[in-house]
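# Below is the sequence, then the predicted model.
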Amino acid sequence: MFKRLALATLLAAAFLPAFAAEKYAIDPTHTQVEFTYSHFGFSNITGRFDQVESEFYFDAADPTQSSVKVTIPMASLSTGVEKLDEHLLTADFFDAAKFPTATFTSTGVTAAGEGKLKVAGDLTIHGVTRPVVMDVVINKVGTHPMTQANAAGFDASFDIKRSEFGVGGYAPAVSDEVRIEITVEAQQAK
């Protein structure tokens, strides 16, 4: 009986992929998601989302084995202009009452040069899911000087066409293309 159990365990281990990625928790005070768009060609407005929730696994030895799932409450949108924030959350744009969150779930990570990655995934905004690819720079991986925990930091950027997500109000006068930039600091979960 013991031999059969040992053989079954070995066979199962041989056919299961190794999972070396460790769970990390993002530091919400040092993580930002910002967006920039052109307003009638006169200005480039930047806003941000003040809340980010994440399930994040990082493999420092092989970052291509990493994965991330992010949820952003739309109500955390902030442009610094209260009336604009209110308008962006209406049915003219995000319709946050009906679609309260945006999500990103990675589907693959590939190396893109020294300290750089391409992170592919599914982005859902306004109930519409589309594939996107983020350009990611690994800022630093090491021991955090304050907590002594394993830590990692990244910058990511990508462009979307908001009309493809059903958020195309006032386009093209207000640019359809939106630049999204993210900076993340995370520490290995305990």
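Sure thing, it's come through.
# so what's Ile26 up against?
By Cβ atoms under 8 Å, 6 or more residues apart in numbering, the contact list for Ile26 reads 52, 54, 56, 184-186. For glycine as for every other residue, the C-beta is placed from the backbone atoms N, C-alpha and C.
# Name the SS class of the nearest residue to Pro131 once chain neighbours are set aside, please.
Spatial nearest neighbour of Pro131, excluding adjacent residues (Cβ to Cβ, 6 or more residues apart in numbering): Asp122 at 6.0 Å. Under DSSP: H, G, I helix; E, B strand; the rest coil, Asp122 falls in the strand class.
# Asp122 contacts Thr107, doesn't it?
Yes: using Cβ atoms under 8 Å, Asp122 is in contact with Thr107, at 6.3 Å.
# and for these two, which residues touch both?
In contact with both Asp122 and Thr107: Pro131, using Cβ under 8 Å, 6+ apart.
# how many neighbours does Lys23 have?
12 (other Cβ atoms under 10 Å).
# Would you confirm that it contacts Phe56?
Yes: with contact defined as Cβ under 8 Å, Lys23 reaches Phe56; the gap is 7.1 Å.
# Please enumerate the helices of the chain.
2-15, 82-88 (DSSP state H).
# what is the rounded mean pLDDT of the longest one?
With pLDDT averaged residue by residue, helix 2-15 scores 39.
# got it, and stretch 95-109?
Stretch 95-109 comes out at a mean pLDDT of 98.
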